[in-house]
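Student: would you be able to build a 3D model of this:
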Amino acid sequence: MRLLVFGAAGRTGRLIVGKALGHGHEVTAFTHEPPPGPDHPRLKVAAGDVRDASSVRAAMGGHDAVAFALSTASSGTGVHEAGIANVIYAMAENQVPRLAAVSAAGTFDRTNSRLSLARRALIATVLRTTYDDLEAMERRIMATDLAWTIVRPMGLSDDPPTGDYRVSRDGALLPKGRRVSRGDVASLVVKALETDTYWRRTVVISR
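Tutor: Predicted structure coming up:
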């Protein structure tokens, strides 16, 4: 697989890059920051801004799949919706069929009691515009004919990956869901691109 990773310099994006390289894939890391790791014979870096349609189109050619893993720290600015719009257009133009995007648990279900009270309070206040942006991103993805997967972690940690996690394949929040390692999220993203297991599904991941 020839994979293009957006958000490759972020904490989750870096791990997606590493996991894909570890599985033998060719990877292009799209970033406007320094490269996401040491030199690797199957790693290329494309500099650009995901909000700039021309730089996204220039990077897209020659790939089979896309991972979209922008940091949610910037999602209140509308970068997720604007970025995915450029990515979807470039994928159609270059006939790239597969997309996996990282979102967050609670999108379209912000008051669900399976979210902690503290999380629901944050979503209603500090994270309100973040969730607006993520939901707009997801709507754009779901409206396409792509072989897409949306991955919604129930919180993220920087703990080492364990491989011990639960998933819901219909977007339903998991009972007693806990934060999951970014490394495990990266593994799920790569798996979603390698197989048809999660094709056109929203997948909640949790410990």
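Student: now the strand or helix carrying D133: buried residues?
Tutor: Element membership of D133, judged by DSSP states H and E, is helix 128-142. For helix 128-142, the buried set under the neighbour-count rule, 16 or more other Cβ atoms under 10 Å, comprises T130, Y131, D132, D133, L134, E135, A136, M137, E138, R140, I141. Where C-beta positions appear, they are placed from N, C-alpha and C, glycine not excepted.
Student: residues near the residue nearest to the last one when sequence neighbours are not counted, how many?
Tutor: In space, and not counting its chain neighbours, I141 is closest to W148: 5.1 Å by Cβ to Cβ, 6 or more residues apart in numbering. Other residues within reach of W148, judged by other Cβ atoms under 10 Å, total 24.
Student: now do the nearest residue to L173 once chain neighbours are set aside: how many residues are near it, please.
Tutor: In this structure, L173 finds its nearest non-sequential neighbour in R114, 4.0 Å apart by Cβ to Cβ, 6+ apart. Other residues near R114 number 18, with proximity taken as other Cβ under 10 Å.
Student: and R119, which of the three is it?
Tutor: Applying DSSP: H, G, I helix; E, B strand; the rest coil to R119 yields a three-state assignment of helix.
Student: go ahead and confirm it touches G106.
Tutor: Yes. Assessed by Cβ atoms under 8 Å, R119 is found in contact with G106 at 6.9 Å.
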